[in-house]
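>>> Below is the sequence, then the predicted model.
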2 protein chains.
Amino acid sequence: FAALLSQLCQCTAESNPLLFDLQALSASSCLTGTRDYSPKQMAIRERVFTAIINCFKRHGAEVIDTPVFELKETLTGKYGEDSKLIYDLKDQGGELLSLRYDLTVPFARYLAMNKITNIKRYHIAKVYRRDNPAMTRGRYREFYQCDFDIAGQFDPMIPDAECLKIVHEILSDLQLGDFLIKVNDRRILDGMFAVCGVPDSKFRTICSSVDKLDKVPWEEVKNEMVGEKGLSPEAADRIGEYVQLHGGLDLIEQLLQDPKLSQNKLAKEGLGDMKLLFEYLTLFGITGKISFDLSLARGLDYYTGVIYEAVLLQQQNDHVEDPVSVGSVAGGGRYDGLVGMFDPKGRKVPCVGVSIGIERIFSILEQRVEASEEKIRTTETQVLVASAQKKLLEERLKLISELWDAGIKAEILYKKNPKLLNQLQYCEETGIPLVAIVGEQELKDGVVKLRDVATREEVNIRRENLIEEIRMRTSQL
Amino acid sequence: FAALLSQLCQCTAESNPLLFDLQALSASSCLTGTRDYSPKQMAIRERVFTAIINCFKRHGAEVIDTPVFELKETLTGKYGEDSKLIYDLKDQGGELLSLRYDLTVPFARYLAMNKITNIKRYHIAKVYRRDNPAMTRGRYREFYQCDFDIAGQFDPMIPDAECLKIVHEILSDLQLGDFLIKVNDRRILDGMFAVCGVPDSKFRTICSSVDKLDKVPWEEVKNEMVGEKGLSPEAADRIGEYVQLHGGLDLIEQLLQDPKLSQNKLAKEGLGDMKLLFEYLTLFGITGKISFDLSLARGLDYYTGVIYEAVLLQQQNDHVEDPVSVGSVAGGGRYDGLVGMFDPKGRKVPCVGVSIGIERIFSILEQRVEASEEKIRTTETQVLVASAQKKLLEERLKLISELWDAGIKAEILYKKNPKLLNQLQYCEETGIPLVAIVGEQELKDGVVKLRDVATREEVNIRRENLIEEIRMRTSQL
């Protein structure tokens, strides 16, 4: 997911019109790379969370939570080159602590500690990455991840296919526009590295180089492989041919026939499972948005099998070219070895999962709300308890107390003698649909004047019927 | 709120039967003083949050969120003697950061930074306190606060009364048993200190001593005042007389006539407002659970007016004595100076708020669930898609995909050929009410066998009617 995030914000911020005044957003916060959420932003955030949680629950997930910090040693050795981005707490005596870097490692620690070998859970929480300030172009140091994972020993590719179905459902549901889910497998990558002549010891570091292909051109990646990492130019060129490939079942079949790859045990296993995966995805009817892409590598060390990453696409200025990626919004894969790293006896629990990255999705939806001038309510208040004359504070307090106790969402202005006009204006501004007005005459008559803010119609309601009337009038809102 | 929390966990853990295997709870976590939440615990937690959020929304609150860390300087000088409990992040270059200690200071920072002078908001999030490990008897270092605050210049005591109404509603709603809300006012305390002969410079530190009265006997508190803090024994004795007092409107009237207190401007102001507060609370019908208590002091520096704290009560072994406090679950007060500390021009925004402490409430409800053997579902799955024969994985995948796309919450077992018995057992264990069974015959007939797990009744449903039937059968669950 590190790769996802680095991409999530670095990529095309200057060049792309869809993107995002991320700097302006983070200006509304106290710290570089963090943000406050205003009530309006929270309303948008809640919509996104609701869509995501609904999907996770639709797939039968339980929910867990873990602390924001972990023992430093829990995080050590799990993230490869990205480990330098981990936030440590100051040593003030006691254990050495770090802020969680993702939700996957705490999940694996939780499974091992509680000896859980079988669970399907989601977890939505903030994670922390100490980004290089020089790279901080809209890259958050605190951001949400929405993770869904399936742990347990199961028949191949069934849970893996469900994870991709979930990404497909969420991105469709949120209506973020066109998207593509790239899929690959670490075993195919490793097999490919082997047949291209990469020494075993260089697999992970060459994998990191390949991972940069969505941000920089092949020539640069090749230079890194050859110049920095000491790979032979021939081996790099052979990799270069493979990583251009992307397709579907046809490409899988073709590679299963590839004279070199088909001789490699790992690659063959990976390709066999990839074929199975595509069969399941066909049953789910979602292969149209899924691409088997040999350039997908992902940054994290812990993946062991299938890996995937979802990107949003955008048509470039009516050109005939392919749509371009405007950034990654989800990623994940299979990590069968991670839980075993936390078990004293090394017992493995196979896991596969997906992580939805929320910040970019927020930005898109925020922009859309701004553009549409849609008015978003930030409260759910059904009725304002108002008075037409002075000296009725006590009557207002008595009435609102009755409404609260009946479960009605109600407000008053915190003034002894507010003007009726100000009370009505408050409703207009905040979207409160009803006003319950008490006055001398109403009190005498045992009624309350109920005003519809939109239509300005007023009608006297007997006090004992008021709660029922408010419920009825606001039930269809 | 520091005082609340210190009380929340230190107090009577050994002596009280209601209390709580907090050690056992924290054993399920990785770090002293933190905890993981299992799916079952999350289900209980969600119930509590739902009750609290419903109440906050009923009172018209918006919601905000702020980062988990703040600039260290933001937190400095706000918490008095408790500042030593703040978690700092390691200096890894960049700004000096600390984990938030409560939600009040970040709220004040947010208001000042965004020049907001008028808002009613809630905020539910974790806060962090670096407790002395020697004191860690069930005291969490990471815990939730649920805060509701009203900021703005309003007529006196109307928002303050609403905060108390909210505490009353939430504690009633959660059915935690009997409770008492203690109320006092910093101005009354300061006036009392003045007329007792406490020098101005010692007000805050003597206030801290008084704050310990709910945990230690008066003699100890007096020793601290005289021995450690250099107060004269006579002044301490005069304080000792006042802090025994608690009551309602009658006590307020009595103190308004008190020859010494009534001469003190601050005390008189405080008592006048306290009278007004009790008038409003009478209109709300909640004075039965509210006690004006001169021993309530609260630890934090930033309070400037009314302060309050809610404690759960428990009848002691059928004795005729008064019920005893088993711990504080909410607290708050007025802090009119805090926002001004963050404004370059010192512009004040008066605020009053309340913070609900969740950990103790969780523990009580968890214990209750354990005792009742109530079975808590941790998923919402409506139907398991099962097969009666082998080789039907593909049919199961096709069917479940249809159900998911229609918004039905559905699961399958991740096996190619699961036994029907295992599939039915899974439903029993996890509380899934329905099973949709596909078999060769059903496929031929264009039906699905729908089984009610509880009654074991099975009926064939035409495939095109399945979704409607599942919706109907699970809508009243």
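Yep, that arrived.
>>> Am I right that A:Arg377 is in contact with A:Glu429?
No. Judged on C-beta atoms under 8 Å, A:Arg377 makes no contact with A:Glu429 at a distance of 10.7 Å. No exception for glycine: its C-beta is placed from N, CA and C like everyone else's.
>>> who has more neighbours, those two?
Per other C-beta atoms under 10 Å in any protein chain shown, whichever of A:Arg377 and A:Glu429 has more neighbours is A:Arg377, with 15 against 8.
>>> what about that one, distance to chain B?
With distances taken as C-beta to the nearest C-beta, to the nearest Å, A:Arg377 is found 10 Å from chain B.
>>> now swap in A:Glu428 and tell me
As judged by C-beta to the nearest C-beta, A:Glu428 and chain B stand 15 Å apart.
>>> Can you pull the domain assignment for chain A?
Under the assignment automatic domain parsing, the domains of chain A span A:2-372, A:383-475.
>>> starting at the chain centroid, how far to the first one?
Distance, stretch centre to chain centre, for domain A:2-372: 11 Å (C-alpha atoms, centre = their mean, to the nearest Å).
>>> Let me see the mean pLDDT of it.
For domain A:2-372, mean pLDDT is 87.
>>> now the last one
Per-residue pLDDT over domain A:383-475 has a mean of 97.
>>> residues of stretch A:338-352 that come out buried?
Buried residues in stretch A:338-352, counting neighbours by 16 or more other C-beta atoms under 10 Å in any protein chain shown, are found at A:Leu338, A:Val339, A:Gly340, A:Met341, A:Phe342, A:Lys348, A:Val349, A:Pro350, A:Cys351, A:Val352.
>>> make that stretch A:419-434, sorry
Applying a neighbour-count criterion of 16+ other C-beta under 10 Å, one finds A:Gln423, A:Leu424, A:Tyr426, A:Cys427, A:Thr430, A:Gly431, A:Ile432, A:Pro433, A:Leu434 buried in stretch A:419-434.
>>> Which ones among these map onto helices?
Residues of the buried residues of stretch A:419-434 located in helices (DSSP state H): A:Gln423, A:Leu424, A:Tyr426, A:Cys427, A:Thr430.
>>> and which of those is nearest to chain B?
A:Thr430 (8.1 Å; C-beta to the nearest C-beta).
>>> Show the contacting residues for the closest one.
A:Arg377, A:Thr378, A:Thr379, A:Thr381 (C-beta atoms under 8 Å, 6 or more residues apart in numbering or on different chains).
>>> next one: A:Leu255
Counted by C-beta under 8 Å, 6+ apart, A:Leu255 has contacts A:Ile188, A:Leu245, A:Leu261, A:Ser262, A:Ala267, A:Leu271.
>>> That one sits in which helix or strand?
Element membership for A:Leu255, per DSSP states H and E: helix A:249-256.
>>> contacting residues around the following helix or strand past that helix?
Elements were assigned by DSSP H and E; along the chain past helix A:249-256, the next helix or strand is helix A:265-284. The contact list for helix A:265-284, computed with C-beta under 8 Å, 6+ apart, reads A:156-158, A:160-161, A:164-165, A:168, A:183, A:185-188, A:190-192, A:194-195, A:248-249, A:252-253, A:255-256, A:261-262, A:287, A:290, A:292, A:305-306, B:394, B:397-398, B:401.
>>> on that earlier part again, deepest of the domains of chain A, which one?
Highest mean neighbour count of these: domain A:2-372, a mean of 19 (counted as mean count of other C-beta atoms under 10 Å in any protein chain shown).
>>> Would you state the strands of the stretch 151-300 of chain A in chain order?
Secondary structure of the stretch 151-300 of chain A (DSSP state E, counting those that start in this stretch): strands at A:179-185, A:246-247, A:290-293.
>>> Nearest residue to A:Ser208 in space, ignoring adjacent ones along the chain?
Spatially, and ignoring its direct neighbours in sequence, A:Ser208 is nearest to A:Glu81 (5.8 Å; C-beta to C-beta, 6 or more residues apart in numbering or on different chains).
>>> Can you read off the backbone torsions of A:Glu70?
Backbone geometry at A:Glu70, expressed as degrees, to the nearest 10, gives phi -130, psi 160.
>>> which residues does A:Arg121 contact?
Per C-beta under 8 Å, 6+ apart, neighbours of A:Arg121: A:Ala61, A:Glu62, A:Val63, A:Ile64, A:Phe107, A:Phe148, A:Asp149, A:Ala151, B:Pro39.
>>> Out of these, list just those in helices.
Those of the contacts of A:Arg121 mapping onto helices are A:Phe107, B:Pro39, per DSSP H.
>>> hang on, the earlier thing: from the buried residues of stretch A:338-352, which two are the most distant?
A:Phe342 and A:Val352 (17.5 Å; C-beta to C-beta).
>>> How about exporting the helix or strand where A:Val352 lies as PDB, limited to the C-alpha atoms?
Applying DSSP H and E as the criterion places A:Val352 in strand A:351-357. What follows is strand A:351-357, C-alpha atoms only, in PDB (Å, rounded to 0.1, in the frame of the first residue of the first chain):
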ATOM      1  CA  CYS A 351      -4.300 -14.000   4.200                       C
ATOM      2  CA  VAL A 352      -5.500 -11.900   1.300                       C
ATOM      3  CA  GLY A 353      -6.900  -8.400   1.600                       C
ATOM      4  CA  VAL A 354      -7.600  -5.100   0.000                       C
ATOM      5  CA  SER A 355      -7.100  -1.500   1.300                       C
ATOM      6  CA  ILE A 356      -9.200   1.400   0.000                       C
ATOM      7  CA  GLY A 357      -7.400   4.700   0.000                       C
END
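>>> Packing partners of whichever helix or strand comes after that strand?
Sequence-wise, the next helix or strand downstream of strand A:351-357 (DSSP H and E) is helix A:358-372. Helices and strands touching helix A:358-372, as assessed by 3 or more C-beta pairs under 8 Å, 6 or more residues apart in numbering or on different chains; DSSP states H and E, comprise helix A:2-10, helix A:22-27, helix A:39-58, strand A:142-151, strand A:324-334.
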